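# Fold the following, please.
(chains A and B)
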Amino acid sequence: MTGTQDIGIYIHIPFCVRKCRYCDFASWSGMESIWEPYIRAVVRELELKSETAAGRRVMSLFIGGGTPSLLPYAFILSIMDAVRRHYRLLPDAEITIEANPGTLDEDKVKAYLDAGINRLSIGLQAYQDRLLKFLGRVHTARQFDEAVSMAQRHGFSNINADIIFGIPHQTMDDWLETLSRVLSHRIPHVSCYSLTIEEDTPFGRMKREGKWQDPDEELERSMYHTAMEMLGEAGLEQYELSNAAKPHHRCRHNMNYWQRGEYLGFGAAAHSFHNCQRSANTSDIRLYMEGMARGNPVLDECYPVPDEEGLSESMILGLRLTEGVDLDELSTVYHTDVRLKYREKLEKLAERKLVELEGSVVRLTKRGMDLANQVFVEFI
Amino acid sequence: MSTERQKKIRNFCIIAHIDHGKSTLADRLLELTGVLTEREMEEQVLDNMEIERERGITIKAQAVRMIYKAEDGEEYILNLIDTPGHVDFNYEVSRSIAACEGAVLVIDASQGIEAQTLANVYLALEHDLEIVPVINKIDLPSARPDEVIREIEDVIGLEAQNAPQISAKNGINIESVIKRIISDIPAPRGDEDAPLRALIFDSYYDSYKGVIAYVRVMEGRVSPGQTIRMMHTEKEYVVTELGYLRPGGQIPSDALMAGEVGYICAGIKDVRNCRVGDTITLASNPAKEPLPGYKKAVPMVFCGIYPADGSKYNDLRDSLEKLQLNDAALMFEPETSVALGLGFRCGFLGLLHMEIIQERLEREYNLDIVTTAPSVIYRITKTNGEVILLDNPTNMPDPTEIASMEEPVVKATIMTPTEYVGSIMELCQDRRGNFLGMDYLEATRVMLNYEMPLNEIVYDFFDALKSRSRGYASLDYELSGYKESKLVKLDIRLNGEVVDALSFIVHVDKAYARGRRMAEKLKETIPRQMFEIPIQACIGNKIIARETVKAFRKDVLAKCYGGDITRKKKLLEKQKEGKKRMRQVGSVEVPQEAFMSVLKLDL
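Next up, the predicted model:
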């Protein structure tokens, strides 16, 4: 891998009002007393790692969580300040902050804009308060409408909304309502996620104890296909398994992940991929802060990714994109004939109508998008 | 008459049911006679194999020589021959018994006599062994020694009023057992000057010394350097070493003489040339007749064993060969299955023997194996008069070519507390058992006798028996012959294709129920795939049961961002591992468990 590409920066804010019942991210409610020292630690980490990125331009910055919008905006500003001070943040960089309805107010929105944040990602999940309650969300559907309108009023145009389908008790009508409400705001980006049950969550426990009823698969898939169709009709073209955007509004930060670009992560549990090496900061907030105080980051994991595995990653990440993977391009990057290497597998997958081949490009078919793992395992 | 030397020898075995304390008593005896100090003793020395210890059973016979100094100042040599404790190894048991003059019968003071114990007692009585009954676990609150004594007297007809009442576990009254061994069990006899006749009661393969034969010298004497002859296999070898046995090792000696128990090494490369039950004599002065009772081990139960990973075929063969070095009863030959690829058809003495071999392959040789449903040997008379023996359902001739079929039947003895009789009789009826009779052992325990097809026993019969009796019933069986029977071959088709490894032979009356249950079970075991999979149970072209595994519609990780990549890769790796454990049968991926889960149909 070259060491000259532009990189992304991810900053993790592991705090939220209350943890959603499906969420297995590193995030905690309460803990107001450590917000300030935590931000100090992140700023310290930004300083410490600046050497790593020496000379590299930063084309995207993503402040995620948790709920970054929960924190007083001053904390966000000091992070922005540290990033600008220690990194070559491009003038036209995409700078995203995640926000939850109910935590956003005018002052925050204005402050974000002033700090150069130009993209807002808002978690709606569902437009029905009963479903929001079931998911353990702390806001109402109405608060979402208010938050979006307010952000747009102050000048945010690049807005994403996260929505979830396949929730138990969610009907197709519920889903259609969610979609049309989201589209009514004319935002340029929507992420639609199939509800995934992770082990270490309240939902995961319900599943383990046999108290979970998976939604009907037919319905779930039909929700997915409907969503992508409706979004497409509204001008938001699907570009990744779970994402659709208007032209020029694809999330550059995430595109970088899928194109196997490099990124640096800051904060507890943040992951980095840099110099052919994947690493993750400790997810223990206190350990993280202690490490930073000593000037010595504590890692949960750190492993090199040899080229062989890199190619495999490029395939499974790249195939998530609707544009697919250009095998000839990968051949150049990895100095190996990728078409030849995967010929049998690809033929088999094509025969099973999971992928389609067009010249040197391979991409998932519509059926392949429903069964993507069956394709990915072939490249593991 | 015994010589003065022989008068100081006692050769005995211990007969006990699983868990009645045989190994613990053996350990105590070793401890008491100073063969082992407590510290030396890893629990239960005689059960060497990990599996033996885990299951609390003895698979291979063992022998050990102890010296006991009696109160009168005399030193006695006590040779304990530990016998295998399972019906599968009946023949081995009979050879161990034939090497002794007496047997210590250990009965659990709470449990009483069990089927297997009784079978072995009868075996011992047949060989004129003096039986020393011992009541064990006397210190347990549930102990009821008086009833057990009465049971011994009523059922076996042994005087048991003075039987030592002991606790092997807590070392209570152990010495009284030794005293009874010396006073009650006769010393060996046998002319030291007669031509050599030594009974092989077990043999082991040792990578340094070759096969080590465990022998009881009945007549004559043998020394290193002499040429010995195996009277049945007619092979000759020069004795390189012989001597006495102690736990974990051997003590070489100059000679073994009539009445003694010990080991002989003679550079023998293959246990099959040193078979249990064979008689060793001297090539220079051979005995006229071998000792009676020799039988070649005959496998009764067969199954296919395949490597889970096809590339491990050679490893599997090597491992089976190694196991066979020590196990003359294990048979195997290569076979090919459409579903499972290259593997081996293996023959075993019985179900336990089969399970043990499977377990040893997995544990000691670290192999992932797939086994097919166990089968017995059917005798088929074809319309052209030809008689064939069938050990693999796949090879069953077309029904139109079959004039008649016979299956092996056994005489089964089941002992159980009376409260489970009804449910056990129901089970036996259901397994096509033919009721022969019932005897009360005591007011609360009965012995049931059935004639049963072996093919009913090789499917989870033992498990079913245990679960219906909450573990209290015990089973013993012996082959009693062949009987004509209406048998059919049941095939399973996945996505229209017959899976040969799942075919089995079943009585026509049970075919429907088993076919249905099998289809249901496969539906539970085969994961959903990208297309719908019909599962059909068929007899010939007739479909008797059908289930469908629905296609899955979705298999996708919705989110994959910077922090997810490592974790998602691991998930996909796991999924790939899962796929690896699948067998591709036509277009269907079948998990290996499916081939085995059908063994437990719970009918």
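
# and residue B:277, what does it touch?
Residues in contact with residue B:277 (CB atoms under 8 Å, 6 or more residues apart in numbering or on different chains) are B:91, B:95, B:199, B:200, B:201, B:232, B:293, B:294, B:295. Quick note: C-beta positions are derived from backbone N, CA and C, even for glycine.

# can you do 7 Å?
Counting by CB atoms under 7 Å, 6 or more residues apart in numbering or on different chains, residue B:277 makes contact with B:95, B:200, B:293, B:294, B:295.

# Which of those fall in strands?
Mapping those onto strands (DSSP state E) picks out residue B:200.

# What parts of the stretch 201-350 of chain A come near chain B?
Neighbours of chain B within the stretch 201-350 of chain A, by CB under 7 Å from any CB of the partner chain: A:217-218, A:220-221, A:241-242, A:254, A:257, A:263, A:265, A:269, A:271, A:273, A:278, A:301, A:313, A:316-317, A:320.

# Lowest-scoring secondary structure element of chain B by mean pLDDT?
Lowest by mean pLDDT, DSSP states H and E among the helices and strands of chain B is helix B:50-55, with a mean of 54.

# quick one on the thing from earlier: which members of the residues of the stretch 201-350 of chain A next to chain B are classed as buried?
Taking 16 or more other CB atoms under 10 Å in any protein chain shown as the criterion, what is buried in these is A:217, A:220-221, A:241-242, A:254, A:257, A:263, A:265, A:269, A:271, A:273, A:278, A:313, A:316-317, A:320.

# out of the contacts of residue B:277, who has the most neighbours?
residue B:95 (28 neighbours; other CB atoms under 10 Å in any protein chain shown).

# got the contact list for it?
Applying CB under 7 Å, 6+ apart to residue B:95 gives the contacts B:199, B:201, B:276, B:277.

# Please repeat the previous calculation with a cut-off of 8 Å.
B:61, B:199, B:200, B:201, B:202, B:276, B:277, B:293.

# Also residue A:129?
Going by CB under 8 Å, 6+ apart, the list of residues near residue A:129 reads A:140, A:141.

# Farthest pair within the contacts of residue B:277?
B:200 and B:295 (12.6 Å; CB to CB).

# Tell me where the stretch 151-300 of chain B has helices.
Using DSSP state H, counting those that start in this stretch, the helices of the stretch 151-300 of chain B run over B:174-184.

# before we move on, back to that, which ones among the buried ones among the residues of the stretch 201-350 of chain A next to chain B map onto strands?
Per DSSP E, those map to strands at A:263, A:265, A:271, A:273, A:278.

# I'd assumed residue B:569 was in contact with the last one.
If I follow you right, that is residue A:278. No - applying CB atoms under 8 Å, one finds residue A:278 not in contact with residue B:569, separated by 9.4 Å.

# per-residue confidence at residue A:355?
pLDDT recorded at residue A:355 is 97.

# So what's the residue count around the closest residue to it other than its chain neighbours?
Distance criterion CB to CB, 6 or more residues apart in numbering or on different chains; nearest residue to residue A:355, sequence neighbours excluded, is residue A:349 at 4.5 Å. Each residue near residue A:349 was counted by other CB under 10 Å, and the total is 24.

# which stretches of chain A aren't confidently modelled?
Residue ranges of chain A with pLDDT under 70: A:1-3.

# before we move on, back to that, could the contacts of residue B:95 be laid out in TSV, adding distance to residue B:300 and pLDDT?
Below are the contacts of residue B:95 laid out as TSV (distance: CB to CB, whole Å; pLDDT from 0 to 100):
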residue	distance to residue B:300	pLDDT
B:61	20	51
B:199	24	95
B:200	22	93
B:201	21	90
B:202	20	86
B:276	17	85
B:277	17	89
B:293	19	80
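
# if you go through the stretch 451-600 of chain B in chain order, where are the strands?
Assignment of strands within the stretch 451-600 of chain B using DSSP state E, counting those that start in this stretch yields the ranges B:474-484, B:487-494, B:497-498, B:504-507, B:533-539, B:542-549, B:582-585, B:588-591.

# Between those strands, which has the poorest mean confidence score?
strand B:582-585 (a mean of 81).

# list the buried ones in it?
Buried residues in strand B:582-585 (16+ other CB under 10 Å): B:582, B:583, B:585.

# Which elements pack onto it?
Applying 3 or more CB pairs under 8 Å, 6 or more residues apart in numbering or on different chains; DSSP states H and E, we find strand B:582-585 packed against strand B:588-591, helix B:592-597.

# what's it in contact with?
Under CB under 8 Å, 6+ apart, the answer for strand B:582-585 is B:338, B:339, B:340, B:370, B:494, B:497, B:499, B:589, B:590, B:591, B:592, B:595.

# so what's the backbone phi/psi at the second one?
With angles defined as degrees, to the nearest 10, residue B:339 sits at phi -80, psi -40.

# where's it relative to chain A, distance?
Distance check for residue B:339 against chain A: by CB to the nearest CB, to the nearest Å, it reads 20 Å.

# re the thing from before, would you list the contacts of residue B:95 in JSON lines and tack on distance to residue A:101?
As requested, the contacts of residue B:95 are exported to JSON lines (distance: CB to CB, whole Å):
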{"residue": "B:61", "distance to residue A:101": "78"}
{"residue": "B:199", "distance to residue A:101": "89"}
{"residue": "B:200", "distance to residue A:101": "85"}
{"residue": "B:201", "distance to residue A:101": "83"}
{"residue": "B:202", "distance to residue A:101": "79"}
{"residue": "B:276", "distance to residue A:101": "81"}
{"residue": "B:277", "distance to residue A:101": "85"}
{"residue": "B:293", "distance to residue A:101": "89"}
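
# now the longest strand along chain B and strand B:474-484, what's the angle there?
The strand that spans the most residues within chain B, counting by DSSP E, is strand B:402-417. Counting by axes from the mean of the first three to the mean of the last three CA atoms, to 10 degrees, strand B:402-417 lies at 160 degrees to strand B:474-484.

# How far away from the center of its chain is whichever helix or strand comes after strand B:402-417?
Sequence-wise, the next helix or strand downstream of strand B:402-417 (DSSP states H and E) is helix B:421-430. On the basis of CA atoms, centre = their mean, to the nearest Å, helix B:421-430 sits 25 Å off its chain's mean C-alpha point.

# what's the helix or strand that comes right after helix B:421-430 packed up against?
The first helix or strand that comes after helix B:421-430 along the chain, using DSSP H and E, is strand B:434-442. Packing partners of strand B:434-442 (3+ CB pairs under 8 Å, 6+ apart): helix B:145-151, helix B:421-430, strand B:445-453.

# close enough to count as contact, residue A:228 and residue A:192?
Yes - contact criterion CB under 8 Å: residue A:228 and residue A:192 qualify, at 7.5 Å.

# Can you check which residues contact both of these two?
Contact criterion CB under 8 Å, 6+ apart; residues shared by residue A:228 and residue A:192: residue A:244.

# quick one: which of the two has more around it?
Set side by side, residue A:228 and residue A:192 give different neighbour counts by other CB under 10 Å, the larger being at residue A:192 (27 against 22).
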